[in-house]
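fold the stuff below for me.
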Amino acid sequence: MDYLAKFGEGLTYDAFLEQFGTPDQRSRWAAVLGQVQLSEAQSDLLGGFVREMKVLVTAGAWCGDCVNQCPIFERFAQASGKLQIRYFDRDAHPDLAEALSTCGGQRVPSVLFLSEDGFVCGRYGDRTLAKYRDMAATQLGAACPTGIGGADQSLLDQVTQEWLNEFERIQLMLRLSGRLRQLHGD
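Model (predicted):
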């Protein structure tokens, strides 16, 4: 698949929600976006990115994992002018969903990182380690989750940091790339 060409078909955060989200879904995404707070150090890190990153995200406006993670990406994009994030509805882009399938399924959100010139640099998703640990603690054994209540702030903060770690890893990969350093003369 030509991921760079596919990137051009993607939607911005707001356009994605406008096209695919119901008013109730948009409200839930907005509530989580309001909860995502970057520390000064996190904002400074993102503001210090020097390489352009193209990020493709397969998602579903209906998806609880997307509700709890995609607003994190929007906060990152707001803090860094170097992040170009495009969203793709999983069902409207089955080719991309299939290409980014994980563990035999078209899980969302799935994230694909590209260099400025379209080379694949990494994939991440559908959940971070903190989220999987939380799920294991509540879903394995005698515990039974109720699904009632909003996002846990501590877990949201952990998930935000884990996603930031991945964005930083890709940024450092791009920053230290011999090919890109030669291209940019740095």
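
so, low pLDDT: which residues of this protein?
Residue ranges of the chain with pLDDT under 70: 141-151.

which elements pack onto the longest helix along it?
The single longest helix within the chain, with elements called by DSSP state H, is helix 153-176. Packed against helix 153-176, as judged by 3 or more Cβ pairs under 8 Å, 6 or more residues apart in numbering; DSSP states H and E, are the following elements: helix 23-35, helix 40-47, strand 53-59, helix 64-79, strand 110-114, strand 120-125, helix 129-139. For the C-beta atoms, the positions are set from N, CA and C on the backbone; glycine is no exception.

ok, which of those comes nearest Gln171?
Closest of these to Gln171 is strand 53-59, at 6.5 Å (criterion: Cβ to Cβ).

counting by contacts, list what that closest one packs against.
helix 3-7, helix 64-79, strand 83-89, helix 94-99, strand 110-114, helix 153-176.

so which of these comes closest to Ala15?
Between the helices and strands packed on strand 53-59, strand 83-89 lies closest to Ala15; by Cβ to Cβ that is 7.9 Å.

show me how far stretch 71-89 is from its chain's centre.
In terms of Cα atoms, centre = their mean, to the nearest Å, the centre of stretch 71-89 is found 8 Å from the chain centre.

name the SS class of the nearest residue to Gly21 once chain neighbours are set aside, please.
The shortest distance from Gly21 to any non-neighbouring residue, by Cβ to Cβ, 6 or more residues apart in numbering, is to Ala61 (3.7 Å). What DSSP: H, G, I helix; E, B strand; the rest coil gives for Ala61 is coil.

now do Ala61 against Thr102, distance only.
Computed as Cβ to Cβ, to the nearest Å, the Ala61 to Thr102 distance reads 20 Å.

try Phe20
21 Å.

and these two? Which one has more around it.
Each of Phe20 and Thr102 has its neighbours counted (other Cβ atoms under 10 Å); Phe20 has more, 20 against 14.

ok, the nearest residue to that one once chain neighbours are set aside - contacts?
Leaving aside its sequence neighbours, Phe20 sits nearest to Ala61 (Cβ to Cβ, 6+ apart; 4.4 Å). Neighbour list for Ala61: 16-17, 20-22, 25-26, 29, 89 [criterion: Cβ atoms under 8 Å, 6 or more residues apart in numbering].

let's see that with 6 Å instead.
Ala61 is in contact with 20-21, 25, counting by Cβ atoms under 6 Å, 6 or more residues apart in numbering.

then Ile85?
55, 73, 77.

show me which of those is closest to Gln84.
Closest to Gln84 out of the contacts of Ile85 is Val55 (6.8 Å), distances taken as Cβ to Cβ.
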